[in-house]
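Undergrad: Below are the sequence and a predicted model for it; my questions follow.
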Amino acid sequence: MISEQVEKIQRALFTQGFLLGEIDGVWGRRTIASLKAFQEHAGLAADGVFGPKTSRKLFPLNGHIAAGPLLPWVAEAETLMGTREIPGPASNPVLLDFAKQLDIQYAGDDVPWCGLFVAHCIGATLPEEALPSNPLGARRWERFGDATTPRSGAIMVFWRVSKDSGKGHVAFYQGEDDDNYWLLGGNQGDQVGLMHYPKVRFLSARWPRTAPPPGGGRPVVNIETLQDGMVRQRPQEMRAQSQFLS
(Lines give C-alpha, C1' and ligand atoms only; values in the text may rest on other atoms or scores of the structure.)
Protein backbone atom coordinates (compact mmCIF):
# COMPACT_ATOMS: atom_id res chain seq x y z
CA MET A 1 0.00 0.00 0.00
CA ILE A 2 1.26 3.45 -0.90
CA SER A 3 0.14 4.80 2.48
CA GLU A 4 2.92 2.67 3.99
CA GLN A 5 5.44 4.62 1.89
CA VAL A 6 3.94 7.85 3.20
CA GLU A 7 4.33 6.60 6.78
CA LYS A 8 8.04 5.92 6.15
CA ILE A 9 8.51 9.43 4.81
CA GLN A 10 6.60 10.92 7.72
CA ARG A 11 8.65 8.92 10.20
CA ALA A 12 11.90 10.18 8.65
CA LEU A 13 10.63 13.78 8.71
CA PHE A 14 9.51 13.34 12.32
CA THR A 15 12.87 11.90 13.37
CA GLN A 16 14.68 14.86 11.84
CA GLY A 17 12.35 17.38 13.49
CA PHE A 18 10.41 18.54 10.44
CA LEU A 19 7.05 16.88 11.13
CA LEU A 20 4.82 17.56 14.11
CA GLY A 21 1.90 15.39 15.13
CA GLU A 22 1.01 11.80 14.39
CA ILE A 23 2.36 9.54 11.67
CA ASP A 24 -0.88 8.66 9.88
CA GLY A 25 0.05 7.71 6.30
CA VAL A 26 -1.93 10.64 4.88
CA TRP A 27 -0.17 12.81 2.33
CA GLY A 28 -1.90 16.08 3.16
CA ARG A 29 -0.99 19.72 3.70
CA ARG A 30 0.84 19.01 6.95
CA THR A 31 3.18 16.47 5.37
CA ILE A 32 3.69 18.57 2.23
CA ALA A 33 4.63 21.61 4.35
CA SER A 34 7.03 19.48 6.40
CA LEU A 35 8.65 18.09 3.25
CA LYS A 36 9.06 21.60 1.83
CA ALA A 37 10.80 22.68 5.03
CA PHE A 38 13.14 19.69 4.79
CA GLN A 39 13.86 20.37 1.12
CA GLU A 40 14.74 23.99 1.85
CA HIS A 41 17.01 22.90 4.72
CA ALA A 42 18.70 20.36 2.42
CA GLY A 43 19.30 22.89 -0.36
CA LEU A 44 16.72 21.40 -2.71
CA ALA A 45 13.87 22.98 -4.62
CA ALA A 46 11.12 23.31 -2.00
CA ASP A 47 8.30 22.03 -4.19
CA GLY A 48 6.78 19.43 -1.83
CA VAL A 49 7.30 16.67 -4.40
CA PHE A 50 9.01 13.51 -3.18
CA GLY A 51 11.36 12.73 -6.07
CA PRO A 52 14.73 10.93 -6.34
CA LYS A 53 16.84 13.87 -5.08
CA THR A 54 14.66 14.35 -2.02
CA SER A 55 14.62 10.60 -1.39
CA ARG A 56 18.44 10.42 -1.39
CA LYS A 57 18.65 13.32 1.08
CA LEU A 58 15.93 12.05 3.41
CA PHE A 59 17.17 8.45 3.29
CA PRO A 60 20.95 8.86 2.85
CA LEU A 61 21.81 5.28 3.79
CA ASN A 62 19.83 3.60 1.02
CA GLY A 63 18.79 6.54 -1.15
CA HIS A 64 15.19 5.44 -1.63
CA ILE A 65 12.22 3.90 0.13
CA ALA A 66 10.58 1.93 -2.65
CA ALA A 67 10.83 0.99 -6.29
CA GLY A 68 9.21 3.64 -8.47
CA PRO A 69 7.95 7.13 -7.60
CA LEU A 70 5.74 7.95 -4.66
CA LEU A 71 2.12 8.35 -5.75
CA PRO A 72 0.57 10.49 -3.01
CA TRP A 73 -2.70 10.94 -4.89
CA VAL A 74 -3.19 7.16 -4.82
CA ALA A 75 -2.30 7.09 -1.12
CA GLU A 76 -5.07 9.62 -0.51
CA ALA A 77 -7.51 7.52 -2.54
CA GLU A 78 -6.60 4.45 -0.49
CA THR A 79 -7.40 6.21 2.79
CA LEU A 80 -10.91 6.98 1.49
CA MET A 81 -11.83 3.42 0.53
CA GLY A 82 -15.42 2.69 1.48
CA THR A 83 -16.57 6.34 1.49
CA ARG A 84 -20.16 6.22 0.23
CA GLU A 85 -22.78 8.60 -1.02
CA ILE A 86 -25.94 8.85 1.09
CA PRO A 87 -29.17 7.55 -0.51
CA GLY A 88 -32.02 10.03 -0.77
CA PRO A 89 -31.94 13.83 -0.49
CA ALA A 90 -29.05 13.98 2.01
CA SER A 91 -25.40 14.12 0.89
CA ASN A 92 -22.22 12.79 2.46
CA PRO A 93 -20.51 15.82 4.06
CA VAL A 94 -17.11 14.35 3.17
CA LEU A 95 -17.94 14.66 -0.54
CA LEU A 96 -19.40 18.12 -0.10
CA ASP A 97 -16.18 19.16 1.65
CA PHE A 98 -14.14 17.94 -1.35
CA ALA A 99 -16.01 20.44 -3.50
CA LYS A 100 -15.78 23.21 -0.90
CA GLN A 101 -12.00 22.85 -0.57
CA LEU A 102 -11.63 23.09 -4.36
CA ASP A 103 -14.18 25.92 -4.71
CA ILE A 104 -16.35 23.78 -6.99
CA GLN A 105 -20.11 24.30 -7.21
CA TYR A 106 -21.59 20.90 -6.35
CA ALA A 107 -25.27 20.28 -5.70
CA GLY A 108 -24.96 16.97 -3.85
CA ASP A 109 -23.82 13.38 -4.12
CA ASP A 110 -26.65 12.31 -6.40
CA VAL A 111 -24.59 14.15 -9.05
CA PRO A 112 -21.88 11.81 -10.49
CA TRP A 113 -18.75 12.41 -8.43
CA CYS A 114 -15.95 10.33 -10.00
CA GLY A 115 -14.34 13.55 -11.33
CA LEU A 116 -14.75 15.27 -7.97
CA PHE A 117 -12.98 12.39 -6.24
CA VAL A 118 -10.02 12.48 -8.64
CA ALA A 119 -9.85 16.27 -8.28
CA HIS A 120 -9.74 15.95 -4.50
CA CYS A 121 -6.97 13.33 -4.53
CA ILE A 122 -4.85 15.37 -6.95
CA GLY A 123 -5.59 18.75 -5.37
CA ALA A 124 -4.98 17.61 -1.79
CA THR A 125 -1.61 16.01 -2.52
CA LEU A 126 -0.19 18.01 -5.46
CA PRO A 127 -1.13 21.59 -4.54
CA GLU A 128 0.74 23.11 -7.51
CA GLU A 129 -1.01 20.91 -10.08
CA ALA A 130 -3.47 22.63 -12.42
CA LEU A 131 -6.83 20.85 -12.45
CA PRO A 132 -9.09 20.74 -15.52
CA SER A 133 -11.76 23.38 -15.85
CA ASN A 134 -14.96 21.83 -14.50
CA PRO A 135 -13.27 18.72 -13.07
CA LEU A 136 -16.69 17.22 -12.31
CA GLY A 137 -16.85 16.29 -15.99
CA ALA A 138 -15.02 12.97 -16.34
CA ARG A 139 -14.13 13.63 -20.00
CA ARG A 140 -12.45 16.92 -19.04
CA TRP A 141 -9.62 14.80 -17.60
CA GLU A 142 -8.63 13.78 -21.14
CA ARG A 143 -6.65 17.04 -21.29
CA PHE A 144 -5.19 16.90 -17.78
CA GLY A 145 -1.42 16.81 -17.24
CA ASP A 146 0.57 14.80 -19.77
CA ALA A 147 -0.29 11.73 -21.79
CA THR A 148 1.10 8.42 -20.52
CA THR A 149 0.38 4.72 -20.90
CA PRO A 150 -1.81 2.74 -18.49
CA ARG A 151 0.35 2.24 -15.40
CA SER A 152 0.11 2.35 -11.63
CA GLY A 153 -1.34 5.68 -10.53
CA ALA A 154 -2.30 6.94 -14.00
CA ILE A 155 -5.52 8.91 -14.31
CA MET A 156 -7.66 6.77 -16.62
CA VAL A 157 -10.51 8.21 -18.71
CA PHE A 158 -13.28 6.16 -20.32
CA TRP A 159 -16.42 6.83 -22.34
CA ARG A 160 -19.94 5.87 -21.28
CA VAL A 161 -23.04 5.36 -23.44
CA SER A 162 -21.02 6.19 -26.59
CA LYS A 163 -17.79 7.93 -27.55
CA ASP A 164 -19.81 10.90 -28.81
CA SER A 165 -22.05 11.21 -25.75
CA GLY A 166 -19.63 13.38 -23.77
CA LYS A 167 -20.26 11.11 -20.78
CA GLY A 168 -17.46 9.22 -19.12
CA HIS A 169 -15.73 7.87 -16.07
CA VAL A 170 -12.36 8.74 -14.51
CA ALA A 171 -10.35 6.89 -11.87
CA PHE A 172 -6.83 5.66 -11.02
CA TYR A 173 -5.16 2.65 -12.66
CA GLN A 174 -4.58 -0.29 -10.34
CA GLY A 175 -4.12 -3.26 -12.65
CA GLU A 176 -5.63 -5.12 -15.58
CA ASP A 177 -6.67 -8.45 -17.00
CA ASP A 178 -7.23 -9.40 -20.64
CA ASP A 179 -10.45 -7.45 -21.05
CA ASN A 180 -10.59 -4.90 -18.25
CA TYR A 181 -8.67 -2.24 -16.43
CA TRP A 182 -9.02 -2.35 -12.66
CA LEU A 183 -9.56 1.08 -11.15
CA LEU A 184 -9.52 2.74 -7.75
CA GLY A 185 -12.02 5.57 -7.86
CA GLY A 186 -15.09 7.33 -6.58
CA ASN A 187 -18.73 6.80 -7.54
CA GLN A 188 -17.91 3.16 -8.32
CA GLY A 189 -20.96 1.33 -7.04
CA ASP A 190 -21.86 4.56 -5.17
CA GLN A 191 -18.64 4.42 -3.15
CA VAL A 192 -14.86 4.73 -3.27
CA GLY A 193 -13.70 1.28 -4.22
CA LEU A 194 -12.01 -1.06 -6.64
CA MET A 195 -13.81 -1.86 -9.88
CA HIS A 196 -13.08 -3.13 -13.38
CA TYR A 197 -13.88 -1.16 -16.53
CA PRO A 198 -13.81 -2.54 -20.11
CA LYS A 199 -10.70 -1.80 -22.15
CA VAL A 200 -12.85 -1.12 -25.21
CA ARG A 201 -14.11 2.05 -23.48
CA PHE A 202 -10.64 3.38 -22.66
CA LEU A 203 -9.85 6.87 -24.00
CA SER A 204 -6.74 8.26 -22.34
CA ALA A 205 -4.20 7.83 -19.54
CA ARG A 206 -2.81 11.01 -17.98
CA TRP A 207 -0.01 11.85 -15.55
CA PRO A 208 0.30 14.92 -13.25
CA ARG A 209 2.93 17.38 -14.48
CA THR A 210 4.14 18.28 -10.97
CA ALA A 211 4.65 14.66 -9.93
CA PRO A 212 7.86 12.66 -10.47
CA PRO A 213 7.89 11.03 -13.93
CA PRO A 214 6.18 7.64 -14.10
CA GLY A 215 9.41 5.80 -14.86
CA GLY A 216 9.54 2.28 -16.30
CA GLY A 217 7.09 0.19 -18.24
CA ARG A 218 3.57 -0.82 -17.40
CA PRO A 219 3.42 -2.85 -14.19
CA VAL A 220 2.12 -6.40 -14.23
CA VAL A 221 -0.52 -6.64 -11.52
CA ASN A 222 -1.97 -9.85 -10.11
CA ILE A 223 -5.65 -9.03 -9.66
CA GLU A 224 -6.18 -11.48 -6.79
CA THR A 225 -3.27 -9.94 -4.91
CA LEU A 226 -4.62 -6.48 -5.68
CA GLN A 227 -8.04 -7.34 -4.29
CA ASP A 228 -6.52 -8.85 -1.14
CA GLY A 229 -4.45 -5.71 -0.61
CA MET A 230 -7.44 -3.39 -0.84
CA VAL A 231 -10.72 -3.66 1.06
CA ARG A 232 -12.15 -7.17 0.61
CA GLN A 233 -15.52 -7.03 -1.12
CA ARG A 234 -18.30 -9.62 -0.82
CA PRO A 235 -19.23 -11.52 -4.00
CA GLN A 236 -22.62 -9.81 -4.28
CA GLU A 237 -20.90 -6.42 -4.19
CA MET A 238 -18.62 -7.46 -7.04
CA ARG A 239 -21.66 -8.62 -9.05
CA ALA A 240 -23.37 -5.30 -8.40
CA GLN A 241 -20.31 -3.44 -9.61
CA SER A 242 -20.21 -5.51 -12.81
CA GLN A 243 -23.83 -4.56 -13.47
CA PHE A 244 -22.99 -0.90 -12.84
CA LEU A 245 -20.31 -1.03 -15.54
CA SER A 246 -22.40 -2.66 -18.25
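TA: In hand now; what should we look at?
Undergrad: now the strands for the protein?
TA: In the chain, the strands defined using DSSP state E lie at 146-148, 155-159, 168-176, 180-185, 193-198, 202-207.
Undergrad: Highest mean neighbour count out of these?
TA: Using mean count of other C-beta atoms under 10 Å, the stretch among the strands of the chain with the greatest mean number of neighbours is strand 168-176 (a mean of 25). For glycine as for every other residue, the C-beta is placed from the backbone atoms N, C-alpha and C.
Undergrad: That strand packs against which elements?
TA: With contacts defined as 3 or more C-beta pairs under 8 Å, 6 or more residues apart in numbering; DSSP states H and E, strand 168-176 has these neighbours: helix 72-79, helix 114-125, strand 155-159, strand 180-185, strand 193-198, helix 223-229.
Undergrad: The shortest one: partners in the sheet, and parallel or antiparallel?
TA: Sheet neighbours of strand 155-159, with direction, are listed as strand 168-176 (antiparallel), strand 202-207 (antiparallel) (DSSP bridges).
Undergrad: for it, what is the average pLDDT?
TA: Across strand 155-159, the average pLDDT comes to 97.
Undergrad: tilt between it and strand 180-185?
TA: Between strand 155-159 and strand 180-185, the angle comes out at 120 degrees (axes from the mean of the first three to the mean of the last three C-alpha atoms, to 10 degrees).
Undergrad: And the contacts of strand 155-159?
TA: Strand 155-159 is contacted from outside by 118, 122, 138-139, 141-142, 144-145, 150, 165, 167-173, 181, 183, 197-198, 201-208, using C-beta atoms under 8 Å, 6 or more residues apart in numbering.
Undergrad: now the end-to-end length of stretch 107-116.
TA: Start-to-end span of stretch 107-116 (C-alpha to C-alpha, to the nearest Å) is 12 Å.
Undergrad: what's stretch 29-46 in contact with?
TA: In contact with stretch 29-46 (C-beta under 8 Å, 6+ apart) are residues 6, 9-10, 13, 16, 18-21, 47-48, 50, 53-54, 57-58, 124-125, 127.
Undergrad: Thanks a lot, catch you later.
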